[in-house]
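Participant: Just need the structure, nothing else, for what follows:
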Amino acid sequence: MSSKPKQTKSKSKKSSSAATASSTSAGGGNSLRPSGFLLTCDPPVKQFIIHLNDAKIADKKFIIEDLDATHLLIKGEARDEITRKVEEWMDENVFSNIERVGENLDTS
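Facilitator: Alright, predicted model coming up:
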């Protein structure tokens, strides 16, 4: 028996898939629609979006992949709904400056 390592002639999957993706998107006749969007947000907003996703039934969920603390991959058709709901949520949580009784706070 030989103790020499076997040599393989297989191509790297990364390079072959990159070539496939570039050849398909390079005007090959088929126009590709994006199926997902990379969403970048701060952790509290991300948790709110995960809450929205968890409230949906299984076939209506829109998170494809939870990537890290500030990134989600979401389905393209849910982008407008997520934007609208996050804006509503942010509007509900904006606090205006009010005068306190008994205190003289100069806010100028």
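Participant: Now name the helix or strand holding the closest residue to Val45 other than its chain neighbours.
Facilitator: If the residues on either side of it in the chain are set aside, Val45 comes closest to Val86, at 6.1 Å by CB to CB, 6 or more residues apart in numbering. No exception for glycine: its C-beta is placed from N, CA and C like everyone else's. Assigned by DSSP states H and E, Val86 falls within helix 79-92.
Participant: Quick check: buried residues in that helix?
Facilitator: By neighbour count, and taking 16 or more other CB atoms under 10 Å as the criterion, the buried residues in helix 79-92 are 82, 86.
Participant: Also stretch 40-55?
Facilitator: Applying a neighbour-count criterion of 16+ other CB under 10 Å, the buried positions in stretch 40-55 are 41, 45-46, 48-49, 52-53.
Participant: which among the residues you listed gets closest to Met90?
Facilitator: The shortest gap between Met90 and any of the buried residues of stretch 40-55 belongs to Val45, at 8.1 Å (CB to CB).
Participant: Just the residues contacting the helix or strand hosting that closest one, thanks.
Facilitator: Val45 is part of helix 43-54 when elements are defined by DSSP H and E. For helix 43-54, contacts defined as CB atoms under 8 Å, 6 or more residues apart in numbering pick out 39, 41, 61-63, 66, 69-70, 72, 74, 82, 85-86, 89.
Participant: mind redoing it with 6 Å?
Facilitator: Applying CB atoms under 6 Å, 6 or more residues apart in numbering, the external contacts of helix 43-54 come out as 61-63, 69, 85, 89.
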